[in-house]
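# I would like the atomic coordinates for the input below:
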Amino acid sequence: MKLKVASKVSVEFVKIRSSYLNRDVALTIILPPHYQQKPYPVLWLNDGQDIPSMGITEVINELIREDIITPFIVIGVHANEDRLQEYGSSSAVDFKNRGSKAGLYSEFMINELLPYIRNNFSVSRDKNKNVVAGWSMGGLSAIDIVWNFPNYFAKVGVFSGSLWWRMKAYNRGYKEDKHRIIHQMIRNSEKKEGLKFWFECGTNDEEADRNKNGLIDSIDDTIDFIQELKNKGYDDKRDIQFVLIKGGKHDQQTWSEIMPYFLTWAFGK
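Residues are numbered from 1 along each chain as shown. This is a model prediction of the structure:
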């Protein structure tokens, strides 16, 4: 029988200046109970401004109380009105030229945010203890960062990821096997050893079914992305977890409800 631990996380708010993004970036930092000078695992979280509305601190407190997870630090990076430019894939913009700052966002993460956090907080430098996660466009960004910087991160969590990100509009000669940007990024690069992937989709994420196969596009895109990973040699049991939520929507309530399962996968004892 596990002992229940009665202690709570603490939350700090800071801003750092980014020369890459040319803006002040707000951060929500969640520190574990009894925080001390030892290297903690880290969750690097896109859309950190959503932490309160998704009740993430409460979720973490409950998992700690039940002694289910190893204590870790959350670095929640707030997005602003440039979200659709900063999130995306650094390999290419989409058909509407969105994601133009995705490469700059990655550079901010590696060259500005990561050194700042390492200098001011006690965090692990072991890539296996560094996880990046996000929802919707933030999930797409999380994959892009982890895939392109595998020396820093080894796990990624994607909630209702925008894996449809494409080079061409559907009515402009779009082909699934050629124009989904993040799928092509995986297909056209070498396997990155040691990475692990967690995906979530809800059956009510959307209604679109472009190929009329009975599956909504977000599920199709996720399944196809997982297949690209398997084609690279990742094991669908050891390296990949896909959670499909019946009735799940593309909203914060669904993502909040599944958050304990993701955090247990990422930081479970």
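
# just the strands in this structure please.
Assigned by DSSP state E, the strands in the chain fall at 10-18, 23-31, 42-45, 73-77, 130-135, 155-159, 196-204, 240-249.

# could you list the residues in contact with the first one?
Spelled out, it's strand 10-18. 23-31, 33, 35, 57, 108, 112-113, 116 (CB atoms under 8 Å, 6 or more residues apart in numbering). C-beta here means a position set from N, CA and C on the backbone, and glycine is covered the same way.

# can you give me the helices for the stretch 101-250 of the chain?
Assigned by DSSP state H, counting those that start in this stretch, the helices in the stretch 101-250 of the chain fall at 102-108, 114-120, 137-148, 176-179, 181-187, 217-232.

# got these as JSON lines, with mean neighbour count columns?
As requested, the helices of the stretch 101-250 of the chain are exported to JSON lines (neighbours: other CB atoms under 10 Å):
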{"stretch": "helix 102-108", "mean neighbour count": "21"}
{"stretch": "helix 114-120", "mean neighbour count": "14"}
{"stretch": "helix 137-148", "mean neighbour count": "25"}
{"stretch": "helix 176-179", "mean neighbour count": "14"}
{"stretch": "helix 181-187", "mean neighbour count": "20"}
{"stretch": "helix 217-232", "mean neighbour count": "18"}
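
# what's the closest of those helices to Phe197?
With distances scored as CB to CB, the stretch of the helices of the stretch 101-250 of the chain nearest to Phe197 is helix 217-232 (6.4 Å).

# that older thread, among the helices of the stretch 101-250 of the chain, which comes closest to Asp209?
Of all those, helix 217-232 comes closest under CB to CB, at 6.4 Å.

# now do that closest one, average pLDDT.
The pLDDT scores in helix 217-232 average 94.

# other SSEs contacting it?
Secondary-structure packing of helix 217-232 (3 or more CB pairs under 8 Å, 6 or more residues apart in numbering; DSSP states H and E): helix 181-187, strand 196-204, strand 240-249.

# let me have those in TSV, extended by mean pLDDT and distance to Ile51.
As requested, those are exported to TSV (pLDDT from 0 to 100; distance: least, CB to CB, whole Å):
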stretch	mean pLDDT	distance to Ile51
helix 181-187	92	25
strand 196-204	97	17
strand 240-249	97	19
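
# dump these into TSV; add distance to Phe72 as well.
What follows is the helices and strands packed on helix 217-232, written out as TSV (distance: least, CB to CB, whole Å):
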stretch	distance to Phe72
helix 181-187	26
strand 196-204	15
strand 240-249	18
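
# for the helices of the stretch 101-250 of the chain, give me JSON lines that also has distance to Val14.
Converted to JSON lines, the helices of the stretch 101-250 of the chain look like this (distance: least, CB to CB, whole Å):
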{"stretch": "helix 102-108", "distance to Val14": "15"}
{"stretch": "helix 114-120", "distance to Val14": "8"}
{"stretch": "helix 137-148", "distance to Val14": "20"}
{"stretch": "helix 176-179", "distance to Val14": "40"}
{"stretch": "helix 181-187", "distance to Val14": "31"}
{"stretch": "helix 217-232", "distance to Val14": "34"}
